[in-house]
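[1] Quick one, what's the 3D model for this:
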Amino acid sequence: MNKRIFGNNKSKKLLALISPPIIIAIILFSLWFNMKNNENDSIFNQFNASVQSKDKLKSICKDKNLYNYIIKHKDEELHNVTDNQGGGNVSYYVGKLGSKRVDIFGKIGKNKETLTNIKSY
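    Numbering: from 1, shown residues only. A predicted model of the protein is given here:
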């Protein structure tokens, strides 16, 4: 007895018709997912660059106590960061630097997110 693994010709044709769109959908989803995850990177790269530059940090962080705290913990990474909680053209993230909550605000322009303010509540 010889059994066919893939069934008859109709099954093969159906599989050939369905497979390419599924593969394309998976690829497009992967590209979209990577692009969405990399959106956040730019504002965090700006945060890290600001932490390394005292002048830049002063222009974004008006709270003197928070400014000193960030300088003191500049070698630590932000952790427990939320996704964007803002709306419209405003981005808003909350994370922890050491044991302190840090609120990061940004402005979303065309294809760019710019860090505008750092606070702690």
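[2] in this protein, which spans are strands?
    90-97, 100-109, 112-119 (DSSP state E).
[3] contacting residues around the residue nearest to residue 44 when sequence neighbours are not counted?
    Leaving out its chain neighbours, the residue that sits closest to residue 44 by Cβ to Cβ, 6 or more residues apart in numbering is residue 78, at 6.8 Å. C-betas here are computed from N, CA, C, even on glycine. Residues near residue 78 by Cβ atoms under 8 Å, 6 or more residues apart in numbering: 44, 47, 95, 96, 97, 102.
[4] ok so, going back, and the strands of the chain as CSV, adding mean pLDDT?
    Listed next are the strands of the chain as CSV, based on pLDDT from 0 to 100:
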stretch, mean pLDDT
strand 90-97, 94
strand 100-109, 93
strand 112-119, 92
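[5] ok, the closest residue to residue 57 other than its chain neighbours - contacts?
    The spatial neighbour of residue 57 that comes closest, neighbours along the chain excluded (Cβ to Cβ, 6+ apart), is residue 50 at 4.6 Å. Contacts of residue 50 were listed using Cβ under 8 Å, 6+ apart, and they are 56, 57, 60, 61, 115, 118.
[6] Counting neighbours, what do you get for the first one?
    Think residue 56. 14 (other Cβ atoms under 10 Å).
[7] Just the buried residues out of the contacts of residue 50, in PyMOL syntax.
    Typed into PyMOL, the next command selects the buried ones out of those (criterion: 16 or more other Cβ atoms under 10 Å):
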select buried, resi 57+60+61+115+118
